[in-house]
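**Q** what's the 3D shape of this:
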Amino acid sequence: MAFTAKDVKVLRERTGCGMMDCKKALTEANGDMDAAIDILREQGLAKAAKKASRIAAEGVAYAVTNAAGNAGVVIEVNAETDFVAKNADFQAFVKTLADTVMAENPADVDALAQCKANGTDVLVADLLQEKIQTIGENIKIRRFVKYDGPCVAYVHAGGKIGVLVGFETTVDPANADFVAYGKDVAMQIAALNTQYLDEKDVPAEVIEHEKEIMIAQMKQDPKMANKPEQVLTKIVDGKVGKFYKENCLVDQEFVKDNSLTVKAYTANCAKALGGDIKITKFVRFEKGEGLEKRQDDFAAEVASMVK
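**A** Just a heads-up that it's a prediction; the model follows:
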C-alpha cells in the first residue's frame, strides 16, 4: 500500500516521532497507519509523544559568539529536571542548536525546527525527538535571539542565565580586553536583572505607572500628605531619576566599582583600548522564567511503585 507525505505528517502528529522514523515505519508497514504506529511503539520511539505533555521548566540558558565576535546567539532549551540539564548529551544538543541558529539565522523556533542541525543532515525537529527518546524527558526549544555585529556572550551559574550584549565599536570585538569588558557588562545584566538600556528605552507608560505609585505612597505618609501638589511633583521627579539609575544599564552603578556608572566604565575601557564603544542592546534569558514548575510528590511516587 502506497503512502504520501501527508501520511508521514499524520503519523508524526500521532506519535511525536521524527520524520525519517515515521517514513521508515510506513515503508515497513506498507502504508498501514495502525501497523506503523505499532512498529514505532515496538521500537520505543512513540514514547516520545507521551513525554511531550510533561512540564519542562528546567534546562539551560546558553549564549555564544563566533570566533570573530561579530555574531552571537542566546538560547533557552528546557527539560523536566535539573539533572538532565547537566547531562553532557543534552548540553551538546543545546550547543548544536545555537550553532544552527548562528549558521541558518531562522526567524523563529518553528523555522529552526525545519533547519538541518549544524554539521548533520538531520532536521532539528527529528534530532529533538531523538533526544527526547534517548534522554528520557520532555525537551522543548523555548526561545532564541541572534545578534549580527559586535557582541559578547556570558553564561551564568552553568546555564541558569544567558546574556548577549550588542555594541557599536571601532575596537576589534575579538580583542581579549574588549571581550573581558563585555563580560563585565553582561555579568552586571545577569546579576541585577537589568530591564532597560537607557532612559529612552523605558516605555512612557512604565514611568507614568511608577509616578502614580510614588504619589499614592506619599499621600499615605502623614508627613507628606498635606504638601502642595507641585512639591509632590518635584519629589516624584527626583524619584524617577533614581528609578532610571536603578533600572537603566548605562546609568547603573558598576557592580565591580560603585564609584563608576556602567557608562563611565565603558568610556574608560574605550579610552584604554584606543577606540569608541557604545552599548546598543542586550538580552537576558533566565531558564524557566515565567514557566510553570513541575511539582514532584515523592510520597505518591513511592506509593504508586509499591502498588
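
**Q** how many neighbouring residues does Lys256 have?
**A** For Lys256, the count of nearby residues is 10 (other Cβ atoms under 10 Å). Glycine gets a C-beta too; all of them are placed from N, C-alpha and C.

**Q** begin at 22 from now on, thanks
**A** Okay, using 22 as the starting number, the last item reads as Lys277.

**Q** distance of it relative to Lys266?
**A** According to Cβ to Cβ, to the nearest Å, Lys277 and Lys266 sit 17 Å apart.

**Q** just Thr215 next, same as before
**A** 12 Å.

**Q** can I see the domain layout of the protein?
**A** Under the assignment automatic domain parsing, the domains of the chain span 26-72, 81-192, 220-300.

**Q** give the rounded mean pLDDT of the second one.
**A** This predicted structure assigns domain 81-192 an average pLDDT of 96.

**Q** start to end distance for it?
**A** 31 Å (Cα to Cα, to the nearest Å).

**Q** mind putting the domains of the chain in JSON lines, distance to Lys204 included?
**A** Shown next, in JSON lines, are these (distance: least, Cβ to Cβ, whole Å):
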{"stretch": "domain 26-72", "distance to Lys204": "36"}
{"stretch": "domain 81-192", "distance to Lys204": "5"}
{"stretch": "domain 220-300", "distance to Lys204": "11"}
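
**Q** Met208: which of the ones you listed is closest?
**A** Of all those, domain 81-192 sits nearest to Met208, with 6.1 Å by Cβ to Cβ.

**Q** for Asp198, which of the domains of the chain is the nearest?
**A** Nearest to Asp198, of these and by Cβ to Cβ, is domain 220-300 at 6.0 Å.

**Q** what touches both of Thr215 and Lys266?
**A** Gln273 (Cβ atoms under 8 Å, 6 or more residues apart in numbering).

**Q** so if I had to pick from these two, which one is more boxed in?
**A** Shown here are Thr215 and Lys266; by other Cβ under 10 Å, Thr215 has more neighbours (20 against 14).

**Q** torsion angles phi and psi at the more buried one?
**A** Dihedral pair for Thr215: phi -60, psi 140, per degrees, to the nearest 10.

**Q** low-confidence ranges, the stretch 172-321 of the chain, go.
**A** Scanning the stretch 172-321 of the chain for pLDDT under 70 picks out 315-321.

**Q** mind listing the helices for it?
**A** Counting by DSSP state H, counting those that start in this stretch, the segments of the stretch 172-321 of the chain that form helices are 197-213, 225-240, 250-268, 283-294, 319-327.

**Q** Ile156: which of those helices is closest?
**A** helix 319-327 (19.7 Å).

**Q** Glu49 and Leu148, how far apart?
**A** 22 Å.

**Q** correction: Val200
**A** Counting by Cβ to Cβ - Val200 and Leu148 are separated by 30 Å.

**Q** identify the residues contacting Ala109.
**A** Taking Cβ under 8 Å, 6+ apart, one finds nothing in contact with Ala109.

**Q** same question, Leu213
**A** So Leu213 contacts Gln273, Val276 (Cβ under 8 Å, 6+ apart).

**Q** quick check: Glu151 vs Asp103, distance?
**A** Distance from Glu151 to Asp103, by Cβ to Cβ: 22 Å.

**Q** looking at the two, which one has more neighbours?
**A** Glu151 (19 against 15).

**Q** related to what we said a few turns ago, which residue of Glu49 and Leu148 possesses the greater neighbour count?
**A** Neighbours around Glu49 and Leu148, counted as other Cβ under 10 Å, are more numerous at Leu148. The numbers are 19 against 13.

**Q** and Ile300, how close does it get to Val276?
**A** Taking Cβ to Cβ, one finds Ile300 at 15 Å from Val276.

**Q** which one of the two is surrounded by more residues?
**A** Ile300 (20 against 13).

**Q** which residues are in contact with the more buried one?
**A** So Ile300 contacts Val186, Gly187, Phe188, Val206, Leu218, Leu270, Val271, Val283, Thr287 (Cβ under 8 Å, 6+ apart).

**Q** quick one: the second one and Ala174 touch, right?
**A** It refers to Gly187. No: at 10.6 Å, Gly187 does not count as touching Ala174 under the criterion of Cβ atoms under 8 Å.
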